[in-house]
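J.: next one to model:
(one chain, ligands or ions: 1)
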Amino acid sequence: MQIPWGCDIESLENAYDLQKWLAESGLPPQKMGIDRVEVGERGLVALNNIRKGEKLLFVPPSLFITSHSEWSRPEAGEILRRYNVPDWPLLATYLISEASVDKASKWSNYISALPRQPYSLLYWTQSELDRYLEASQIRKRAIERINDVTGTYDDLRLRIFSKYPDVFPEEVFNMETFKWSFGILFSRLVRLPSMDEKVALVPWADMLNHSCEVETFLDYDKSSKGVVFTTDRGYLPGEQVFISYGKKSNGDLLLSYGFVPKEGTNPTDSVELSLSLNKSDKCFKEKMEALKKHGLSVSERFPLQITGWPLELMAYAFLVVSPPDMRQQFEELAAAASNKSRSKKEMRFPEIEEDAFQYVLDNCEASIAMYSKFLQASGSMDLDVTNPKQLNRRLFLKQLAVDLCTSERRILFRAQYILRRRLRDIRSGELRALKLFDGLRKFFK
Ligand SMILES: C[S@@+](CC[C@H](N)C(=O)[O-])C[C@H]1O[C@@H](n2cnc3c(N)ncnc32)[C@H](O)[C@@H]1O
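T.: Numbers count the residues shown, from 1 in each chain. Just a heads-up that it's a prediction; the model follows:
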């Protein structure tokens, strides 16, 4: 179903109307203008020289959309407040409600300039996720997110919408429109640290695209009473201005914003490695109980970065490989794996270190094999040319998946290299100790 709101972002017409409306509605004159850009399609571009350290934007609170914004249909807002609906579902419903009244909404210019189909994994079908993201843990995260959105909508429908069908008719408030509004929230909502972490849609500020190379982010500025950001570099006229959407992995960026940064440009990139207890382990039940007690399960995902992995991952690996005579330590290991341990020092269990590293290496290599299979096959995947429009979509999704999988596999290769080296050191240390022991034995004979 085609959503009747928003626009095709290839055209800048609606964005120019938005710019005009904002200027008439209290947005001060800007040093940036909306334009077609190379990264992110539409973005904000410097109109004059912008210096490093300048504050830009100054969007006043009267132009933010928050959970306290006034509803064009007050009865709808009143009902949701009575049911104490949390911020995210409230804002998702608000956006649909305002969109449905068209020009009668204060936000009609803003809504008309929003993308009709936000780039988000919410729009990938199950078979697209299976086909393109089989190797990546992002597939599971996308399915969880889609289920969350579906569950949230079902809950609202059952508890509220079905009781007030005149206020929330199904032609307007349905799964398709919720997918759209949640897609907009995931890709545009900002958390404002200096406003008690309030979440808001901030028109104009949400035209800024992300760069992994900048560190500046949007926040509320109490002195100027508006949303601003401070540039961490200078820009020449015509250059696109960027902010940071946060220290996110490529997978997180794809999940919420629908893009993957260029290979090797994201210093905070990470990949999730899934580790599981061995079902044939004699202590399976005891280990499972220990994990459960600390909020973990028999299968967990841990982030690997190019610079290393967290202590929690090693604690989980130690628990998996620990023999029955270490049962006294199961609790301690499960606590450390859940980040609840008091000690933040690296755990040392020399007698099972080799097994633990080997276990993590085996999991890394199994994961690498899946990525390699997908990346090798991706060249010959899309030969169906009977439907050109569908083919474009397929090529686009496939390219995103190839970019994601290449960056995730790169981190796994690095982990594989470090793990192999650690194992070689452990083994050569053992060999040296063995030779020494042998030498001593001969000496004392
Ligand atoms: C907050 S909006 C930014 C404005 C957006 N370009 C627009 O035209 O409405 C976030 C969306 O911009 C796009 N985007 C932002 N940064 C990007 C980047 N570095 N590369 C590709 N797309 C990007 C993605 O589609 C993302 O979902």
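J.: helix/strand/coil for the residue nearest the centre of the chain?
T.: The residue lying closest to the centre of the chain (C-alpha atoms, centre = their mean) is residue 252, at 2.3 Å. Following DSSP: H, G, I helix; E, B strand; the rest coil, we place residue 252 in the helix state.
J.: and it, how far is that from residue 51?
T.: Going from residue 252 to residue 51 by C-beta to C-beta, to the nearest Å gives 31 Å. (Each C-beta comes from the backbone N, C-alpha and C, glycine too.)
J.: tell me the residue of the stretch 51-200 of the chain that sits nearest the ligand?
T.: Distance from the ligand to each residue of the stretch 51-200 of the chain (C-beta to the nearest ligand atom) is smallest for residue 187, at 3.6 Å.
J.: I'd guessed that residue sits against residue 258; true?
T.: Yes: between residue 187 and residue 258 there is a contact at 6.7 Å, judged by C-beta atoms under 8 Å.
J.: quick one on the thing from earlier: what helix or strand is the residue of the stretch 51-200 of the chain closest to the ligand on?
T.: helix 175-188 (DSSP states H and E).
J.: got the contact list for that helix?
T.: 1, 3, 5-6, 88, 91-93, 95-96, 99, 114-120, 122-123, 149-150, 152-153, 201, 206, 255-258 (C-beta atoms under 8 Å, 6 or more residues apart in numbering).
J.: mind redoing it with 7 Å?
T.: Residues from elsewhere that reach helix 175-188 (C-beta atoms under 7 Å, 6 or more residues apart in numbering): 1, 3, 88, 91-92, 95-96, 114, 118, 120, 122-123, 149-150, 153, 201, 206, 256-258.
J.: ditto for stretch 347-363
T.: 273, 275, 314-315, 317-318, 320-322, 336, 416, 419-420, 422-423, 426.
J.: pull the CA coordinates from it and hand them back as PDB.
T.: C-alpha atoms of stretch 347-363 as PDB (Å, rounded to 0.1, in the frame of the first residue of the first chain):
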ATOM      1  CA  MET A 347      39.500 -12.800  34.000                       C
ATOM      2  CA  ARG A 348      42.400 -15.300  34.100                       C
ATOM      3  CA  PHE A 349      41.800 -19.000  34.100                       C
ATOM      4  CA  PRO A 350      45.000 -20.300  32.600                       C
ATOM      5  CA  GLU A 351      43.900 -23.900  32.700                       C
ATOM      6  CA  ILE A 352      40.900 -23.300  30.400                       C
ATOM      7  CA  GLU A 353      42.200 -20.200  28.500                       C
ATOM      8  CA  GLU A 354      43.200 -22.200  25.400                       C
ATOM      9  CA  ASP A 355      39.700 -23.900  25.200                       C
ATOM     10  CA  ALA A 356      38.000 -20.500  25.700                       C
ATOM     11  CA  PHE A 357      40.000 -18.800  22.900                       C
ATOM     12  CA  GLN A 358      39.500 -21.800  20.700                       C
ATOM     13  CA  TYR A 359      35.800 -21.700  21.300                       C
ATOM     14  CA  VAL A 360      35.500 -18.000  20.400                       C
ATOM     15  CA  LEU A 361      37.700 -18.600  17.300                       C
ATOM     16  CA  ASP A 362      35.500 -21.500  16.200                       C
ATOM     17  CA  ASN A 363      32.400 -19.200  16.400                       C
END
